[in-house]
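*Asks:* structure, please.
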Amino acid sequence: MKRQSEGFYYSFSREKLAWWKAIPPEQKLAWLEEANLFLQKVMPEKNKKIMQAFRKGQTIQEANSEPEDNI
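*Replies:* I've put the predicted structure just below:
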């Protein structure tokens, strides 16, 4: 795999992919929900604001320029 100069990428073995594929979708979704709830509890407000901006398709700069009650 060609290395990128920006961002990141993941590489998994075939065994790890087979293991993940064997997990039922309901179990994967439950895990994602638990992880999301945990992150919402421990994440600093600044980070939550940035994530909300990304969901809106905004940049970090746009997120920082909006009043708190609009996020």
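*Asks:* what average pLDDT does the helix or strand harbouring Leu17 get?
*Replies:* Take DSSP states H and E as the rule and Leu17 turns out to sit in helix 14-22. Mean per-residue pLDDT for helix 14-22: 96.
*Asks:* give me the contact list for that helix.
*Replies:* Phe12, Lys28 (CB atoms under 8 Å, 6 or more residues apart in numbering). C-beta here means a position set from N, CA and C on the backbone, and glycine is covered the same way.
*Asks:* list the buried residues in the following helix or strand past it.
*Replies:* Next in sequence after helix 14-22, counting helices and strands by DSSP H and E, comes helix 25-42. For helix 25-42, burial by neighbour count (16 or more other CB atoms under 10 Å) applies to no residue.
*Asks:* and Ile50, how many residues sit next to it?
*Replies:* Ile50: 18 surrounding residues under other CB atoms under 10 Å.
*Asks:* in what helix or strand does it lie?
*Replies:* helix 45-55.
*Asks:* need the next SSE after that helix, C-terminal direction.
*Replies:* Immediately after helix 45-55, counting by DSSP H and E, sits helix 60-65.
*Asks:* packing partners of that following helix?
*Replies:* helix 45-55 (3 or more CB pairs under 8 Å, 6 or more residues apart in numbering; DSSP states H and E).
*Asks:* quick one: mean pLDDT for the helix it packs on?
*Replies:* 88.
*Asks:* same question for that helix: list its buried residues.
*Replies:* Lys49, Ile50, Ala53.
*Asks:* one step back: the helix holding Leu17 to helix 25-42, inter-axis angle?
*Replies:* Following axes from the mean of the first three to the mean of the last three CA atoms, to 10 degrees, one obtains 100 degrees for the angle between helix 14-22 and helix 25-42.
*Asks:* distance from the chain centre to helix 14-22, please.
*Replies:* 21 Å (CA atoms, centre = their mean, to the nearest Å).
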